[in-house]
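Asks: I'll drop the sequence and a predicted model, then ask my questions.
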Amino acid sequence: MKHLKYYILPVVTLLAAGLCSCNDDDEYFEDDAQNKPIKVTQVYLEDHESSVPDRPVDFARLGQLIRIEGEGLYGMKKVYINGYDTYFNRAYISDKSMLVTVSSNTPISECDPELRDKVRLVKDGSEFTFDLVIRAATPTVTSVSNTLPLPGETVTVYGTGFQETTEITLPGGIKVTEGIECDNEDGEWFSFVMPAGVTEGGSIEAVNANGVAKSPAYFNERRGMILDCDGTGVFGNWSATFDPAECVDDPAGTGRGLCIPAIPASVLPLKANAQGNGWFTAGNDEPTDDWSRMYNLIPWNTPTTEIAFQFDVYCPEALTTGVLEFTLQNNLANYGFGSSETTADYSSAYAVCWVPWMKDGKLTPFKTDGWVTVTIPISSFGIYQNVKDGYVFQDVVAHRNAASYRNFGMFFINKDVEYTDGETYPSAEFNQGLYIDNWRIVPFKDFTVSDFPEEEDETEE
C-alpha cells in the first residue's frame with residue numbers, strides 16, 4: 001500500500017490575524033520571543049493540487065505559498081524576500097514553522113544583486129538570512145519568428161519569463177550557448193542564430209532564470225510538408241490556378257529556393273475589390289494529398305486545437321490591403337474575410353482568412369525584414385472552430401479524403417474587409433511583392449515544463 005507523507009502545520013489559533021494588533025500583554029512581542037535566535041532548516045512548497053503537497057524546495061516562484069521550518073520563528077516582525085518587505089499573517093506562525101506567500105511584486109532580475117535570492121527574517125533582537133532562489137512564473141512560449149530557418153538566420157522566440165536565457169537546446173540535442181540575446185527587463189523574447197547541423201524537428205527548450213521554456217514541437221519540422229516549391233508536394237494546374245512556372249527564386253536572397261508570389265508579377269496590379277486565381281496542390285490522384293501519411297508525426301486522435309498550419313511569408317513593402325485565404329479542400333463558393341466557408345456555422349466550411357495588416361483590431365501596415373513563420377491552428381478553419389464537437393486529426397483527414405477535390409489551396413482576396421461590426425476597411429490596388437513558401441502541418445501542443453518532472457507521490461512500500 002502506498003501512503004502519502006503529509007506534514008501538519010502547527011497553527012497558533014489564539015493570535016490575532018495580523019501584525020498590527022500589538023500590545024504590552026501580547027507574548028508575541030515579549031523579549032522571550034523577540035530575542036530567541038532564528039534558525040531555518042528547510043523550506044517547503046505548499047501546493048494542495050500536487051501529488052506532493054508539502055515538498056522540500058530550494059527555490060520558489062512569485063505567487064507561491066511556502067512554509068519555512070526551523071526554530072525561533074515565533075515573534076517574527078519582518079520578512080524580506082529579495083529585499084522586498086513581504087506581508088505575512090502571524091496567525092500562521094509557531095516557533096518551528098511559518099507560512100509566507102512570495103509577493104508578485106518581488107523584484108527578481110532588477111533587484112540589488114546582494115539581496116537577490118535571499119530571504120531575511122527579522123525580529124527585534126534576532127535576525128537570520130538564508131538562500132532561496134526566487135523565480136518568476138513558469139516561462140512559456142507563444143510564438144517563434146521563423147520555424148524553418150537556414151543556418152546563420154536569426155530566430156526570435158516570444159513569450160514570458162525569458163530573463164537571463166543562457167542555454168538553448170534544439171531538436172536532436174544541439175545546444176546553443178553563445179550569441180544568445182534576451183529581454184532581461186520584461187522577459188518577452190530571446191533570440192539566437194540558427195546553427196548548422198540541425199536535421200531533426202521538434203521543440204526549442206531554453207534555460208533561463210525562471211526555469212525551462214519549451215515550444216510546441218514545430219521547430220525545423222518538415223515531415224508534415226504539403227508543398228515547398230522545391231520538390232515536396234505537387235502543384236495543381238488548371239484554369240482557376242496560376243501556372244507553377246510563375247514561382248520565383250527567393251526574393252529575400254537567403255537562397256531557400258523557389259517560392260509562391262501571392263499574385264504573380266505578370267498579373268499585377270490587382271484592382272481593389274478583385275481576386276486573382278489561386279495556388280493549389282494537385283488533389284485526389286497525388287499521394288502527398290492524403291494526410292494520413294502524417295500520422296507518425298501527428299497521431300490520428302490529436303485534437304484540432306493541438307495541430308496547426310504553418311507557412312513562411314516575406315513582405316518587403318508595407319501591406320495594407322487584401323487577405324490570404326487558405327482552404328483544406330477545393331470547395332469554395334464564396335471568398336474573402338467573413339465568407340461562409342470561413343465560418344463555423346456552414347457545414348461545408350473548411351477555410352480561414354489571414355489578415356496580416358490587422359493587429360489588435362487596428363490597421364497596422366504589415367512588413368517583414370526577411371522570412372517569418374505564420375502559425376494558424378486547424379481549430380481556426382471553418383467547422384473546426386466548433387471545438388466542443390471534439391474534432392481530431394482523423395476527422396480532418398477523413399473530410400479531405402472524402403471530398404470531391406481534396407486540393408489544399410490559397411487565394412489572395414483583395415476585397416473590402418469588415419473586420420469588426422460597423423467598421424469596414426476598404427481595399428486598394430495591390431501592386432507589390434508578397435511571397436509565400438513551405439505550406440505544412442505541424443504539432444501545436446503547448447508545453448509547460450514542470451519544476452518537478454517526476455510528479456510522483458512520496459511513497460513507502
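Replies: Yep, that arrived. This is a predicted model, so every value here is computed, not measured. Residues are numbered from 1 along each chain as shown.

Asks: Okay, buried residues for stretch 153-173 please.
Replies: Across stretch 153-173, burial judged by 16 or more other CB atoms under 10 Å covers 155-163, 165, 168-171. C-beta here means a position set from N, CA and C on the backbone, and glycine is covered the same way.

Asks: which one of those is nearest Thr424?
Replies: Of all those, Tyr158 has the smallest distance to Thr424: 30.7 Å, by CB to CB.

Asks: Contacts only, for that closest one.
Replies: For Tyr158, the contacting residues are Val141, Thr142, Ser143, Val144, Ser145, Glu188, Trp189, by CB atoms under 8 Å, 6 or more residues apart in numbering.

Asks: Which of these ranks first by neighbour count?
Replies: Tallying neighbours with other CB atoms under 10 Å puts Val141 at the head of the contacts of Tyr158, with 24 neighbours.

Asks: That one contacts Ala217, correct?
Replies: No. The criterion here is CB atoms under 8 Å, and Val141 misses it with Ala217 at 11.2 Å.

Asks: Okay, and the spatially most central residue of the chain sits in which element?
Replies: Nearest to the mean C-alpha position of the chain, by CA atoms, centre = their mean, lies Thr142 at 2.3 Å. Using DSSP states H and E, Thr142 maps to strand 140-144.

Asks: That strand pairs with which strands, parallel or anti?
Replies: Strand 140-144 has the following sheet partners, assigned by DSSP bridges: strand 154-160 (antiparallel).

Asks: Would you confirm that Asp32 belongs to a helix?
Replies: Yes. Counting by DSSP: H, G, I helix; E, B strand; the rest coil, Asp32 is found in a helix.

Asks: how much space is there between it and Ser126?
Replies: Distance from Asp32 to Ser126, counting by CB to CB, to the nearest Å: 11 Å.

Asks: One more: Pro287?
Replies: Distance, Pro287 to Ser126, using CB to CB: 77 Å.

Asks: who's more crowded, the two?
Replies: More crowded of Pro287 and Ser126, by other CB under 10 Å: Ser126, with 18 against 8.

Asks: how far away is that one from Asp31?
Replies: In this view, Ser126 and Asp31 are 11 Å apart by CB to CB.

Asks: what sits up against stretch 355-372?
Replies: Looking at what lies outside stretch 355-372 - CB under 8 Å, 6+ apart - the contacts are 145-146, 153, 252, 254, 256, 312-321, 323-324, 337, 374, 417, 419-420, 425, 437.

Asks: Narrow the residues you listed to just the buried residues.
Replies: Burial by neighbour count, 16+ other CB under 10 Å: within those this picks out 145-146, 252, 256, 312-315, 319-321, 323-324, 337, 374, 417, 419, 425, 437.

Asks: Next step: these restricted to helices.
Replies: Nothing among the buried ones among the contacts of stretch 355-372 maps onto helices, per DSSP state H.

Asks: so where do the helices sit in the chain?
Replies: According to DSSP H, the helices that the chain contains are 31-35, 393-401.

Asks: For burial, what's the neighbour tally of Ser292?
Replies: Residue crowding around Ser292 was assessed by other CB under 10 Å; the count is 13.

Asks: How many neighbouring residues does Glu181 have?
Replies: Neighbourhood size, Glu181 [other CB under 10 Å]: 13.

Asks: and what of the one 4 residues further on?
Replies: Around Glu185 sit 9 other residues, with neighbours defined as other CB under 10 Å.

Asks: Each with direction, which strands does the lowest-mean-pLDDT helix or strand in the chain pair with?
Replies: Least confident helix or strand of the chain, by mean pLDDT, DSSP states H and E, is strand 417-420 with a mean of 83. If you go by DSSP bridges, strand 417-420 pairs up with strand 423-425 (antiparallel).

Asks: which other residues reach the strand it pairs with?
Replies: Residues outside strand 423-425 that contact it (CB under 8 Å, 6+ apart) are Met358, Leu363, Asp416, Val417, Glu418, Tyr419.

Asks: Which residues are in contact with Pro264?
Replies: Shown in contact with Pro264 (CB under 8 Å, 6+ apart): Phe242, Asp243, Glu246.
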